[in-house]
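>>> Quick one: sequence plus predicted model below, questions after.
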Amino acid sequence: MTDQRGGSDFTPPDEVPPPAEAADGSPVPADEGLDIADEGPGTVAPPEAGDQRAGADAGDGGDDRERVPDLDLEGHGAGHRTVGRGPEPKPAPTGGLGPGAEAERFGHAVRQYRMGVSGAALALAWARQENAPDGATVVVEREVSPLGRLGRMWSVAPESTLSIAVVLRPPLAVEEADATWLLAGVAAAQGAEAASGHRLSTWWPDLVVDADTHEQVGALKVEIQLGPGKVRSAVASIRLDLDKLGLGTDGRDAVLEGVLSAFDTLGATLSEGAAGVAAAYDGRCGLLGRRVKLRLLPKGETRGVARRVDRSARLELESATGMVQKVAIDSLREIEAV
């Protein structure tokens, strides 16, 4: 990290040596006699500026459903370019502590880091700056800032956590953009259930719970970047408690494989819209049929029986008088079963 305290540790020499002289006593130009290869190997051009905004690219008219603070992730952007002989190296994945190597796992491009600001930050940078493909996945062993929806901190120890962030490029219209939350929830529940054998449910909008006890075993968050009339990309961050799943650290790969496989299967249905994903979510949502109290943003609350989740990921509440109210994810502060 650059030391920004000011000052300098440089101590000037006590005496500046006189300029060199040629044999006839005339001064020698400062750069004469130096063997410098012109644009040879190892010559480094300044790094190109990377677009570190959270959201759509500049000038494309895009928008964000959920904005992310600008992060100073060291090394984001195009990186250093080596000029001269030899091929230009492919920029290494950056923004987290290594290895950060990219490999194909379970049919997905996967980058794994020992530490990073968060999986979401790394996946967002990969999507924006390197055009990461659909399904590209970041796995971080230890996150500095493991934040979920509304900035809620994930409190499970890193050793017991599987933290992944998946880049999605769903063929969805803006009106159905929040269906990516449903996709992430069902994929997390299905994948973890397949690996652990525990019966799991979704809990609208951002939790995965034990189907019998309703104890939380996972949480998710989706950050969506919109283009003109459609979803440009989304990043789904999922964190699962391996101990509560009865797996421990040895179960990481099994859960990762299960979750990515579920993303593949469910994502394939989006070509026909979000109805299929919404139906799958309804089939797993442990909240449905319960009377709930919702605290809303910026203030206020509402009550009713949770009846269904529609294809725009809105929860439908039925009041005692039979009136139906639809609540969007962006409007929810907190939900409580009563």
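Looks like it came in fine. Predicted model, so just to flag it, every value in this text is computed and none were measured. Residues are numbered from 1 along each chain as shown.
>>> Can you give the domain ranges for this structure?
Annotated domains of the chain cover 48-284, 291-337 [automatic domain parsing].
>>> for Ser201, what are its contacts?
Applying C-beta atoms under 8 Å, 6 or more residues apart in numbering to Ser201 gives the contacts Ala189, Val208, Val209, Asp210, Ala211, His214, Arg284, Cys285, Gly286. Using the backbone N, CA and C atoms, a C-beta is placed for each residue, glycine as well.
>>> Please tell me how far the host helix or strand of it is from the chain's geometric centre.
Following DSSP states H and E, one finds Ser201 within strand 200-203. Put simply, strand 200-203 sits 21 Å off its chain's centre (C-alpha atoms, centre = their mean, to the nearest Å).
>>> pLDDT (mean, whole number) over it?
Regarding strand 200-203, the rounded mean pLDDT is 98.
>>> Adjust the sequence numbering to begin at 391 for everything that follows.
Shifting the count to begin at 391 puts that one at strand 590-593.
>>> Now the element after that strand, going C-ward?
strand 597-600.
>>> Tell me the helices and strands packed up against whatever helix or strand Ser651 lives in.
Assessed by DSSP H and E, Ser651 sits inside helix 642-657. Contact here means 3 or more C-beta pairs under 8 Å, 6 or more residues apart in numbering; DSSP states H and E; on that basis helix 642-657 packs against strand 551-558, helix 569-586, strand 620-631, helix 665-674.
>>> May I have the strands that pair with the first one, each with its orientation?
In this case it means strand 551-558. Sheet pairing of strand 551-558 (DSSP bridges) gives strand 527-533 (antiparallel), strand 620-631 (antiparallel).
>>> Please identify the deepest-packed of the ones you listed.
Mean neighbour count (mean count of other C-beta atoms under 10 Å) peaks for strand 620-631 among the strands paired with strand 551-558, with a mean of 25.
>>> Report the secondary structure state of Leu512.
Classification of Leu512 using DSSP: H, G, I helix; E, B strand; the rest coil returns helix.
>>> Buried ones among the contacts of Ser591?
Among these, those classed as buried by 16 or more other C-beta atoms under 10 Å are Ala579, Val598, Val599, Asp600, Ala601, Arg674, Cys675, Gly676.
>>> can I assume Ile554 is in contact with Asp643?
No: using C-beta atoms under 8 Å, Ile554 is not in contact with Asp643, being 11.6 Å away.
>>> So for those two, which sits in the more crowded spot?
Per other C-beta atoms under 10 Å, whichever of Ile554 and Asp643 has more neighbours is Ile554, with 26 against 12.
>>> Could you pull up the residues touching that one?
Applying C-beta under 8 Å, 6+ apart to Ile554 gives the contacts Gly509, Thr527, Val528, Val529, Ser627, Ile628, Leu646, Val649.
>>> Next, give phi and psi for the residue lying closest to Ala703 once chain neighbours are set aside.
In space, and not counting its chain neighbours, Ala703 is closest to Asp568: 3.7 Å by C-beta to C-beta, 6 or more residues apart in numbering. Backbone torsions of Asp568, given as degrees, to the nearest 10, read phi -70, psi -10.
>>> For Asp568, give its distance to Gln580.
Going from Asp568 to Gln580 by C-beta to C-beta, to the nearest Å gives 19 Å.
>>> The two - which one has more neighbours?
Neighbour count, other C-beta under 10 Å: between Asp568 and Gln580, Asp568 has more, with 26 against 22.
>>> on that earlier part again, so which of the buried ones among the contacts of Ser591 is the closest to Pro523?
Set against Pro523, the nearest of the buried ones among the contacts of Ser591 by C-beta to C-beta is Ala579 (24.4 Å).
>>> Turn the contacts of Ile554 into a markdown table, columns for distance to Gly636.
Formatted as a markdown table, the contacts of Ile554 follow (distance: C-beta to C-beta, whole Å):
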| residue | distance to Gly636 |
| --- | --- |
| Gly509 | 23 |
| Thr527 | 24 |
| Val528 | 25 |
| Val529 | 21 |
| Ser627 | 23 |
| Ile628 | 18 |
| Leu646 | 16 |
| Val649 | 16 |
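>>> Near Met669, how many other residues are there?
In this structure residue 669 is Ala, not Met. Neighbours of Ala669 (other C-beta under 10 Å): 15.
>>> got a list of what it touches?
Contacts of Ala669 by C-beta under 8 Å, 6+ apart: none found.
>>> ok, now with 10 Å
The neighbours of Ala669, taking C-beta atoms under 10 Å, 6 or more residues apart in numbering as the test, are Leu572, Val576, Thr659, Arg698, Val699, Arg701.
>>> what's the offset of stretch 529-538 from the middle of its chain?
Stretch 529-538 sits 10 Å away from the centroid of its parent chain (C-alpha atoms, centre = their mean).
>>> For it, C-alpha coordinates in CSV please.
Extracted C-alpha coordinates of stretch 529-538, given in CSV (Å, rounded to 0.1, in the frame of the first residue of the first chain):
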residue,chain,number,x,y,z
VAL,A,529,-15.0,-18.1,-5.0
VAL,A,530,-13.4,-16.2,-2.1
GLU,A,531,-12.1,-18.0,1.0
ARG,A,532,-12.1,-14.9,3.2
GLU,A,533,-14.1,-11.7,2.4
VAL,A,534,-13.1,-8.4,4.0
SER,A,535,-16.7,-7.0,3.6
PRO,A,536,-19.2,-9.9,3.2
LEU,A,537,-22.3,-7.7,3.0
GLY,A,538,-25.8,-8.9,2.0
